[in-house]
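Asker: Below: sequence and its predicted model.
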Amino acid sequence: MQKPNERLKEQTCIVTGASSGIGEAIAKSLGMEAGNVVVNYRKDKEGAEVVADWINKNSDCGNAITLQCDVSKEDEVKAMFKSTIDHFGTVDVCVANAGIQKDYPLHEMPLAAWQKVIDVNLTGQFLVAKEAILEFLKRGMRQDVSKSLGKIIHISSVHEEIPWAGHANYAASKGGLLMLMESICQEYAPKKIRCNSIAPGAIKTDINKEVWSSNQGMDDLLKLIPYKRIGIPEDIGSVASWLASDESEYINGTTIFVDGGMTCYPGFTTNG
(Lines give C-alpha, C1' and ligand atoms only; values in the text may rest on other atoms or scores of the structure.)
Protein backbone atom coordinates (compact mmCIF):
# COMPACT_ATOMS: atom_id res chain seq x y z
CA MET A 1 0.00 0.00 0.00
CA GLN A 2 1.32 3.46 -0.93
CA LYS A 3 2.30 6.07 1.61
CA PRO A 4 -0.46 8.49 2.69
CA ASN A 5 -1.23 11.30 0.27
CA GLU A 6 -3.97 13.91 0.10
CA ARG A 7 -5.05 13.88 -3.54
CA LEU A 8 -8.67 13.18 -2.50
CA LYS A 9 -8.86 15.31 0.64
CA GLU A 10 -12.42 16.40 1.49
CA GLN A 11 -13.82 14.14 -1.24
CA THR A 12 -16.24 11.29 -0.62
CA CYS A 13 -15.90 8.04 -2.54
CA ILE A 14 -18.34 5.15 -2.89
CA VAL A 15 -16.76 1.81 -3.78
CA THR A 16 -19.20 -0.99 -4.56
CA GLY A 17 -18.27 -4.57 -3.79
CA ALA A 18 -15.50 -3.38 -1.47
CA SER A 19 -15.46 -6.06 1.23
CA SER A 20 -12.67 -8.06 -0.42
CA GLY A 21 -10.42 -8.42 -3.45
CA ILE A 22 -10.12 -5.61 -5.96
CA GLY A 23 -12.81 -3.51 -4.26
CA GLU A 24 -11.01 -3.74 -0.94
CA ALA A 25 -7.74 -2.59 -2.50
CA ILE A 26 -9.48 0.33 -4.23
CA ALA A 27 -11.23 1.42 -1.02
CA LYS A 28 -7.95 1.35 0.91
CA SER A 29 -6.12 3.25 -1.81
CA LEU A 30 -8.75 5.99 -1.89
CA GLY A 31 -8.63 6.20 1.89
CA MET A 32 -4.86 6.62 1.81
CA GLU A 33 -5.43 9.59 -0.48
CA ALA A 34 -7.41 11.21 2.38
CA GLY A 35 -10.78 10.46 0.81
CA ASN A 36 -13.85 9.57 2.83
CA VAL A 37 -14.83 6.07 1.75
CA VAL A 38 -18.11 4.18 1.70
CA VAL A 39 -17.25 0.49 1.77
CA ASN A 40 -20.24 -1.16 0.10
CA TYR A 41 -21.06 -4.83 0.54
CA ARG A 42 -23.94 -7.12 -0.32
CA LYS A 43 -23.49 -9.99 2.17
CA ASP A 44 -20.03 -9.81 3.72
CA LYS A 45 -20.64 -7.27 6.48
CA GLU A 46 -17.71 -8.51 8.55
CA GLY A 47 -15.29 -8.18 5.63
CA ALA A 48 -16.52 -4.66 4.90
CA GLU A 49 -16.09 -3.65 8.53
CA VAL A 50 -12.51 -4.92 8.50
CA VAL A 51 -11.77 -2.80 5.41
CA ALA A 52 -13.38 0.31 6.93
CA ASP A 53 -11.52 -0.22 10.19
CA TRP A 54 -8.21 -0.47 8.30
CA ILE A 55 -8.90 2.83 6.52
CA ASN A 56 -9.87 4.58 9.75
CA LYS A 57 -6.69 3.41 11.44
CA ASN A 58 -4.29 4.14 8.56
CA SER A 59 -5.63 7.25 6.83
CA ASP A 60 -4.58 10.58 8.34
CA CYS A 61 -7.57 12.53 7.02
CA GLY A 62 -10.18 10.28 5.46
CA ASN A 63 -12.65 8.10 7.27
CA ALA A 64 -14.76 5.14 6.23
CA ILE A 65 -18.20 3.69 6.85
CA THR A 66 -19.89 0.53 5.58
CA LEU A 67 -23.21 0.37 3.76
CA GLN A 68 -25.11 -2.69 2.59
CA CYS A 69 -26.56 -2.58 -0.92
CA ASP A 70 -27.32 -5.00 -3.75
CA VAL A 71 -26.35 -2.86 -6.74
CA SER A 72 -28.83 -4.64 -9.00
CA LYS A 73 -31.72 -3.23 -6.93
CA GLU A 74 -32.61 0.39 -7.72
CA ASP A 75 -34.21 1.11 -4.35
CA GLU A 76 -31.13 -0.16 -2.51
CA VAL A 77 -28.79 1.92 -4.67
CA LYS A 78 -30.86 5.03 -4.01
CA ALA A 79 -30.81 4.30 -0.27
CA MET A 80 -27.01 3.86 -0.32
CA PHE A 81 -26.50 7.24 -1.96
CA LYS A 82 -28.95 8.92 0.42
CA SER A 83 -27.15 7.46 3.45
CA THR A 84 -23.80 8.54 2.02
CA ILE A 85 -24.97 12.10 1.41
CA ASP A 86 -26.62 12.29 4.82
CA HIS A 87 -23.37 11.20 6.45
CA PHE A 88 -20.68 12.94 4.37
CA GLY A 89 -22.63 15.70 2.62
CA THR A 90 -22.10 14.64 -0.98
CA VAL A 91 -20.44 12.13 -3.33
CA ASP A 92 -17.42 13.10 -5.42
CA VAL A 93 -16.16 9.74 -6.69
CA CYS A 94 -18.12 6.62 -7.57
CA VAL A 95 -16.20 3.41 -8.22
CA ALA A 96 -18.58 0.81 -9.65
CA ASN A 97 -16.70 -2.38 -8.88
CA ALA A 98 -19.27 -5.01 -7.81
CA GLY A 99 -19.37 -7.93 -10.21
CA ILE A 100 -20.04 -11.67 -10.38
CA GLN A 101 -19.47 -14.69 -12.62
CA LYS A 102 -21.84 -17.58 -13.31
CA ASP A 103 -20.09 -19.75 -15.88
CA TYR A 104 -21.70 -22.21 -18.30
CA PRO A 105 -21.27 -23.33 -21.91
CA LEU A 106 -23.71 -21.13 -23.79
CA HIS A 107 -26.01 -24.01 -24.81
CA GLU A 108 -26.32 -25.03 -21.16
CA MET A 109 -26.62 -21.57 -19.61
CA PRO A 110 -29.89 -21.05 -17.72
CA LEU A 111 -31.64 -17.76 -18.38
CA ALA A 112 -31.34 -16.99 -14.67
CA ALA A 113 -27.52 -17.21 -14.86
CA TRP A 114 -27.45 -14.90 -17.88
CA GLN A 115 -29.83 -12.42 -16.26
CA LYS A 116 -28.11 -12.34 -12.87
CA VAL A 117 -24.70 -11.49 -14.34
CA ILE A 118 -26.19 -8.77 -16.56
CA ASP A 119 -28.19 -7.41 -13.60
CA VAL A 120 -25.14 -7.03 -11.37
CA ASN A 121 -22.32 -6.33 -13.84
CA LEU A 122 -24.13 -4.00 -16.23
CA THR A 123 -27.44 -2.83 -14.79
CA GLY A 124 -25.80 -2.34 -11.39
CA GLN A 125 -23.15 -0.11 -12.94
CA PHE A 126 -25.84 1.88 -14.73
CA LEU A 127 -27.77 2.38 -11.49
CA VAL A 128 -24.82 3.63 -9.45
CA ALA A 129 -23.60 5.86 -12.28
CA LYS A 130 -27.08 7.37 -12.62
CA GLU A 131 -27.29 8.20 -8.91
CA ALA A 132 -23.77 9.63 -8.94
CA ILE A 133 -24.57 11.89 -11.89
CA LEU A 134 -27.79 13.08 -10.25
CA GLU A 135 -25.80 14.09 -7.15
CA PHE A 136 -23.03 15.76 -9.16
CA LEU A 137 -25.53 17.88 -11.09
CA LYS A 138 -27.56 18.76 -8.00
CA ARG A 139 -24.53 19.69 -5.91
CA GLY A 140 -22.60 21.70 -8.49
CA MET A 141 -18.88 22.30 -8.83
CA ARG A 142 -16.62 22.35 -5.78
CA GLN A 143 -13.62 24.07 -7.33
CA ASP A 144 -11.71 24.17 -4.07
CA VAL A 145 -11.87 20.36 -3.95
CA SER A 146 -11.60 19.14 -7.55
CA LYS A 147 -11.38 20.42 -11.11
CA SER A 148 -14.11 17.95 -12.10
CA LEU A 149 -17.76 18.07 -11.16
CA GLY A 150 -17.54 14.38 -10.30
CA LYS A 151 -15.72 11.20 -11.22
CA ILE A 152 -17.11 7.78 -12.15
CA ILE A 153 -14.79 4.79 -12.46
CA HIS A 154 -16.18 1.55 -13.85
CA ILE A 155 -14.28 -1.63 -13.08
CA SER A 156 -14.46 -3.59 -16.30
CA SER A 157 -12.24 -6.43 -17.54
CA VAL A 158 -9.95 -7.39 -20.40
CA HIS A 159 -13.05 -9.27 -21.53
CA GLU A 160 -14.62 -6.05 -22.72
CA GLU A 161 -12.22 -6.71 -25.61
CA ILE A 162 -11.23 -10.40 -25.47
CA PRO A 163 -14.00 -12.97 -26.14
CA TRP A 164 -14.34 -15.62 -23.44
CA ALA A 165 -15.84 -18.98 -24.36
CA GLY A 166 -17.82 -20.48 -21.52
CA HIS A 167 -18.33 -17.05 -19.98
CA ALA A 168 -20.57 -15.36 -22.56
CA ASN A 169 -22.73 -13.62 -19.96
CA TYR A 170 -19.69 -12.09 -18.24
CA ALA A 171 -18.01 -11.02 -21.49
CA ALA A 172 -21.27 -9.54 -22.78
CA SER A 173 -21.71 -7.55 -19.57
CA LYS A 174 -18.21 -6.10 -19.88
CA GLY A 175 -18.61 -5.34 -23.59
CA GLY A 176 -21.83 -3.50 -22.77
CA LEU A 177 -20.06 -1.66 -19.99
CA LEU A 178 -17.59 -0.20 -22.49
CA MET A 179 -20.43 1.43 -24.43
CA LEU A 180 -22.11 2.60 -21.21
CA MET A 181 -18.91 4.29 -20.03
CA GLU A 182 -18.20 5.94 -23.38
CA SER A 183 -21.80 7.11 -23.73
CA ILE A 184 -21.70 8.68 -20.26
CA CYS A 185 -18.54 10.52 -21.21
CA GLN A 186 -20.01 11.75 -24.48
CA GLU A 187 -23.13 13.05 -22.73
CA TYR A 188 -21.69 14.52 -19.53
CA ALA A 189 -18.10 15.56 -20.25
CA PRO A 190 -19.36 19.05 -21.25
CA LYS A 191 -20.58 19.36 -17.66
CA LYS A 192 -17.09 18.41 -16.38
CA ILE A 193 -18.05 14.91 -15.26
CA ARG A 194 -15.33 12.35 -15.91
CA CYS A 195 -16.19 8.72 -16.61
CA ASN A 196 -13.56 6.06 -17.29
CA SER A 197 -13.01 2.32 -16.89
CA ILE A 198 -10.25 0.19 -15.49
CA ALA A 199 -9.93 -3.23 -17.12
CA PRO A 200 -8.03 -5.72 -14.98
CA GLY A 201 -6.46 -8.80 -16.48
CA ALA A 202 -5.65 -11.82 -14.33
CA ILE A 203 -5.67 -10.57 -10.74
CA LYS A 204 -4.91 -12.80 -7.76
CA THR A 205 -8.26 -12.91 -5.94
CA ASP A 206 -10.53 -15.62 -4.58
CA ILE A 207 -12.66 -15.59 -7.74
CA ASN A 208 -9.86 -17.25 -9.72
CA LYS A 209 -8.04 -19.04 -6.89
CA GLU A 210 -8.71 -22.42 -8.47
CA VAL A 211 -6.46 -21.37 -11.38
CA TRP A 212 -3.51 -19.64 -9.69
CA SER A 213 -3.32 -21.88 -6.63
CA SER A 214 -1.82 -24.81 -8.56
CA ASN A 215 1.56 -24.83 -10.31
CA GLN A 216 0.04 -26.01 -13.57
CA GLY A 217 -2.73 -23.44 -13.42
CA MET A 218 -0.27 -20.63 -12.78
CA ASP A 219 2.03 -21.82 -15.59
CA ASP A 220 -0.90 -21.87 -18.02
CA LEU A 221 -2.03 -18.43 -16.85
CA LEU A 222 1.40 -16.87 -17.29
CA LYS A 223 1.41 -17.96 -20.94
CA LEU A 224 -1.30 -15.32 -21.42
CA ILE A 225 0.66 -12.52 -19.73
CA PRO A 226 3.74 -11.07 -21.46
CA TYR A 227 4.91 -9.47 -18.19
CA LYS A 228 5.03 -12.97 -16.64
CA ARG A 229 3.37 -12.25 -13.33
CA ILE A 230 -0.21 -12.35 -12.13
CA GLY A 231 -1.64 -9.03 -10.99
CA ILE A 232 -2.54 -8.21 -7.41
CA PRO A 233 -5.50 -6.11 -6.23
CA GLU A 234 -3.19 -3.23 -5.26
CA ASP A 235 -2.27 -2.86 -8.95
CA ILE A 236 -5.87 -1.81 -9.55
CA GLY A 237 -6.16 0.27 -6.38
CA SER A 238 -3.24 2.50 -7.29
CA VAL A 239 -4.67 3.19 -10.75
CA ALA A 240 -8.11 3.94 -9.30
CA SER A 241 -6.80 6.48 -6.80
CA TRP A 242 -4.81 8.25 -9.51
CA LEU A 243 -7.78 8.19 -11.92
CA ALA A 244 -9.98 9.71 -9.21
CA SER A 245 -7.53 12.56 -8.65
CA ASP A 246 -6.99 15.79 -10.56
CA GLU A 247 -3.69 14.42 -11.86
CA SER A 248 -5.76 12.58 -14.48
CA GLU A 249 -8.19 15.44 -15.07
CA TYR A 250 -7.96 15.37 -18.89
CA ILE A 251 -8.62 11.61 -19.11
CA ASN A 252 -12.23 10.95 -19.99
CA GLY A 253 -14.10 8.21 -21.84
CA THR A 254 -11.27 5.70 -21.93
CA THR A 255 -10.39 2.27 -20.57
CA ILE A 256 -7.08 1.76 -18.81
CA PHE A 257 -6.01 -1.87 -19.15
CA VAL A 258 -4.09 -3.19 -16.14
CA ASP A 259 -3.18 -6.61 -17.44
CA GLY A 260 0.57 -7.10 -17.83
CA GLY A 261 0.08 -7.02 -21.61
CA MET A 262 -2.63 -9.68 -21.86
CA THR A 263 -4.50 -7.68 -24.50
CA CYS A 264 -1.42 -7.91 -26.74
CA TYR A 265 -2.36 -11.55 -27.43
CA PRO A 266 0.98 -13.22 -26.56
CA GLY A 267 -0.13 -16.42 -28.31
CA PHE A 268 0.84 -14.70 -31.54
CA THR A 269 4.50 -14.11 -30.59
CA THR A 270 5.48 -16.92 -32.95
CA ASN A 271 2.87 -16.01 -35.60
CA GLY A 272 0.17 -18.05 -33.90
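Answerer: Nice, I can see it. Numbers count the residues shown, from 1 in each chain.
Asker: for the stretch 1-150 of the chain, what spans make up the strands?
Answerer: 12-15, 36-41, 64-68, 93-96, 150-155 (DSSP state E, counting those that start in this stretch).
Asker: I'd like these as TSV, with mean pLDDT appended.
Answerer: Listed next are those as TSV, based on pLDDT from 0 to 100:
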stretch	mean pLDDT
strand 12-15	98
strand 36-41	98
strand 64-68	98
strand 93-96	98
strand 150-155	98
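Asker: Tell me which of these sits nearest to residue 235.
Answerer: strand 150-155 (12.4 Å; Cβ to Cβ). Every residue, glycine included, has its C-beta placed from N, CA and C.
Asker: Name the next helix or strand downstream of that closest one, please.
Answerer: Proceeding N to C from strand 150-155, the next assigned helix or strand is helix 168-188, under DSSP states H and E.
Asker: between the helix or strand just after that following helix and strand 150-155, how many degrees?
Answerer: Where DSSP H and E defines the elements, the next helix or strand beyond helix 168-188 is strand 193-200. Note on geometry: by axes from the mean of the first three to the mean of the last three Cα atoms, to 10 degrees, strand 193-200 and strand 150-155 are set 20 degrees apart in direction.
Asker: Downstream of strand 193-200, the next helix or strand is which one?
Answerer: helix 209-212.
Asker: other SSEs contacting that next one?
Answerer: helix 215-222 (3 or more Cβ pairs under 8 Å, 6 or more residues apart in numbering; DSSP states H and E).
Asker: would you turn the strands of the stretch 1-150 of the chain into TSV with mean neighbour count?
Answerer: Shown next, in TSV, are those (neighbours: other Cβ atoms under 10 Å):
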stretch	mean neighbour count
strand 12-15	30
strand 36-41	29
strand 64-68	20
strand 93-96	30
strand 150-155	26
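Asker: could these be laid out in a markdown table, adding distance to residue 126?
Answerer: Listed next are these as a markdown table, based on distance: least, Cβ to Cβ, whole Å:
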| stretch | distance to residue 126 |
| --- | --- |
| strand 12-15 | 15 |
| strand 36-41 | 16 |
| strand 64-68 | 19 |
| strand 93-96 | 9 |
| strand 150-155 | 10 |
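Asker: nearest to residue 173, of the ones you listed?
Answerer: Nearest to residue 173, of all the strands of the stretch 1-150 of the chain, is strand 150-155, at 11.1 Å by Cβ to Cβ.
Asker: what's the angle from the closest one to helix 168-188?
Answerer: 160 degrees.
Asker: elements contacting strand 150-155?
Answerer: helix 21-32, strand 93-96, helix 124-139, helix 168-188, strand 193-200, helix 233-244.
Asker: which residues make contact with the one helix or strand in the chain whose mean pLDDT sits lowest from outside it?
Answerer: The weakest-scoring helix or strand in the chain, judged by mean pLDDT, DSSP states H and E, is helix 209-212 (a mean of 80). Contacts with helix 209-212, where a contact means Cβ atoms under 8 Å, 6 or more residues apart in numbering, come from 202, 204, 217, 218, 220, 221, 230.
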